[in-house]
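Peer 1: What follows is a predicted protein model with its sequence.
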Amino acid sequence: MGKALTALVSGMVFGLGIALSGMANPAKVLNFFDVAGTWDPSLGFVMASALAVALTGYRILFGKAERPLMEAKFYVPTSRVIDPKLLGGSVAFGVGWGISGFCPGGAIPALGIDPQTTGIFVISMAGGIMTARAILHRTLRPARA
């Protein structure tokens, strides 16, 4: 199976999981954050299940495989630095998720359920990503000699 087909199948399985778990519904996600009101713990169960699957996969993969099936080597982050860029991105993600009920992974499958409302979020998210990249490109440009 080629890289593109593998990516397509992986994305479809992820989207199906998001849709079946109810995480494409922003109200369900927002209820997880409403601990003093209509709290819904199901997002916690979805996260715990995903973590268990990912940990199992990593143990199997990194325990036996010398290299990935479709790449020359594993690309694993090596930096352990917590810098302003990481903190800012984390805050932006958390605030956006808490306000809208969508994370980027859940918004794409939700486009098929409610394209108008979800589309506004996806367009806004894309605009925010492009703005952040433009700002970083200007501020992180290498000095000229």
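Peer 2: Perfect, thanks for sending it.
Peer 1: what packs against the longest helix along the chain?
Peer 2: Longest helix in the chain by number of residues (criterion: DSSP state H): helix 115-139. Helices and strands touching helix 115-139, by 3 or more CB pairs under 8 Å, 6 or more residues apart in numbering; DSSP states H and E, are helix 84-100, helix 104-110. The C-beta positions use only the backbone N, C-alpha and C, and glycine is treated the same way.
Peer 1: residue ranges with poor pLDDT in this protein?
Peer 2: 1, 140-145 (pLDDT under 70).
Peer 1: re the thing from before, out of the helices and strands packed on helix 115-139, nearest to Ala48?
Peer 2: helix 104-110 (16.2 Å; CB to CB).
Peer 1: show me what contacts the residue sitting nearest the centre point of the chain?
Peer 2: Geometric centre of the chain, nearest residue: Gly105, 4.6 Å, by CA atoms, centre = their mean. Going by CB atoms under 8 Å, 6 or more residues apart in numbering, Gly105 touches Phe14, Ile18.
Peer 1: can you check Met125 too?
Peer 2: Gly96, Phe102, Pro104, Ala107.
Peer 1: let's see 10 Å
Peer 2: Ala92, Gly96, Ser100, Phe102, Cys103, Pro104, Ala107, Ile108 (CB atoms under 10 Å, 6 or more residues apart in numbering).
Peer 1: Just the buried ones from these?
Peer 2: Using 16 or more other CB atoms under 10 Å as the burial test, the contacts of Met125 include Gly96, Ser100, Phe102, Cys103, Ala107, Ile108 as buried.
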